[in-house]
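Visitor: from the sequence below, what's the structure:
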Amino acid sequence: MADLTHPDQLADPARSDVLMHQITLWRRLLAEFLGTALLVTAVVGSGIMAATLSPDDIGLQLLENSVATAFALGALILTFGPVSGAHFNPVVSAADWFLGRRSATGLTGRDLAGYTIAQTAGAIAGSVLANLMFDLAPVTFSTKERAAGHLWLAEIVAVAGLLLLIFALGRSGRAAVAPAAVGAYIGAAYWFTSSTSFANPAVTVGRAFTDTFAGIAPGSVPGFVIAQLAGLVIGVGLLLALYPTAGQAADTHPL
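Guide: Residues are numbered from 1 along each chain as shown. Model prediction:
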């Protein structure tokens, strides 16, 4: 795992991995918790605002939601990237762990477990915070069913594409553009996937805690998570085929 935002580190991924691991685990976990919480707050909060401002126009609601999410994600990557790598996403953390095993870079197994817990807890906290900011009950479990084969396929595509983007940027020395590129990808994926690109198991769990525009019914969560894990396997496989030395310098990043 490496910081994609510091120019002095871009030329030497191995050095950036060492510097990242010098940051204590609790600070990295705090960054992942806060970053994921604020990301979900942006997703849910902008969804609530969109539904309020444009109650009769679903297309405009989605536009408002996607633009706010894309900008918020880019800003959060810049804010927390130097501390934790700004994953905000268990599949990104899992890919980082897998790709870095042989070269002793990336996350350790202990780190991966900690990141996943922090990200999931942060996502739930983000939904609660958004609900409270809009004067709703802290927890209102979603009733929006999202269980269908075409939605699961969309999640596989969204996750595989996200991982390819993140790790290809790091491997090809273009990590400096990651905040803008990842934000742009997620914003676009809202529109070209039928699922509106959750692409994140932690965020999927968190969004079950709000019965608003961005919610997902708890019963639909397992199907989405399984599809996202399938996207993880496919994305890593494609990455290794296209960038066979990706694990040697796996600068990583978010969502």
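
Visitor: so Lys144 touches Ala217, yeah?
Guide: Yes: the pair Lys144 / Ala217 is scored as a contact, 5.6 Å apart, by Cβ atoms under 8 Å. (C-beta placed from N, C-alpha, C; glycine too.)

Visitor: ok, which stretches of the stretch 1-150 of the chain are helices?
Guide: Assigned helices in the stretch 1-150 of the chain, in chain order: 7-10, 13-21, 25-53, 58-84, 90-99, 109-133, 149-171 (criterion: DSSP state H, counting those that start in this stretch).

Visitor: what is the mean pLDDT for the fifth one?
Guide: The reference is to helix 90-99. Mean pLDDT, helix 90-99: 96.

Visitor: turn the helices of the stretch 1-150 of the chain into a markdown table, including distance to Val203 and mean neighbour count.
Guide: Output for these, formatted as a markdown table (distance: least, Cβ to Cβ, whole Å; neighbours: other Cβ atoms under 10 Å):
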| stretch | distance to Val203 | mean neighbour count |
| --- | --- | --- |
| helix 7-10 | 27 | 14 |
| helix 13-21 | 23 | 19 |
| helix 25-53 | 6 | 22 |
| helix 58-84 | 10 | 20 |
| helix 90-99 | 9 | 25 |
| helix 109-133 | 5 | 21 |
| helix 149-171 | 11 | 22 |
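
Visitor: which one of those helices lies closest to Thr212?
Guide: helix 25-53 (5.0 Å; Cβ to Cβ).

Visitor: so what does the closest one touch, helix or strand wise?
Guide: Judged by 3 or more Cβ pairs under 8 Å, 6 or more residues apart in numbering; DSSP states H and E, helix 25-53 is in contact with helix 58-84, helix 109-133, helix 201-206.

Visitor: please compute how far that helix lies from its chain's middle.
Guide: Centroid displacement of helix 25-53 relative to its chain, using Cα atoms, centre = their mean, to the nearest Å, is 11 Å.

Visitor: picking that back up, so which of the helices and strands packed on helix 25-53 comes closest to Ala154?
Guide: helix 201-206 (12.7 Å).

Visitor: ok so, going back, now distance to Ser103 too, for the helices and strands packed on helix 25-53, in JSON lines please.
Guide: Formatted as JSON lines, these follow (distance: least, Cβ to Cβ, whole Å):
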{"stretch": "helix 58-84", "distance to Ser103": "20"}
{"stretch": "helix 109-133", "distance to Ser103": "15"}
{"stretch": "helix 201-206", "distance to Ser103": "26"}
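
Visitor: compare the ones you listed and give me the one nearest Ala158.
Guide: Among those, helix 201-206 comes nearest to Ala158, with 11.3 Å by Cβ to Cβ.

Visitor: all set, thanks.
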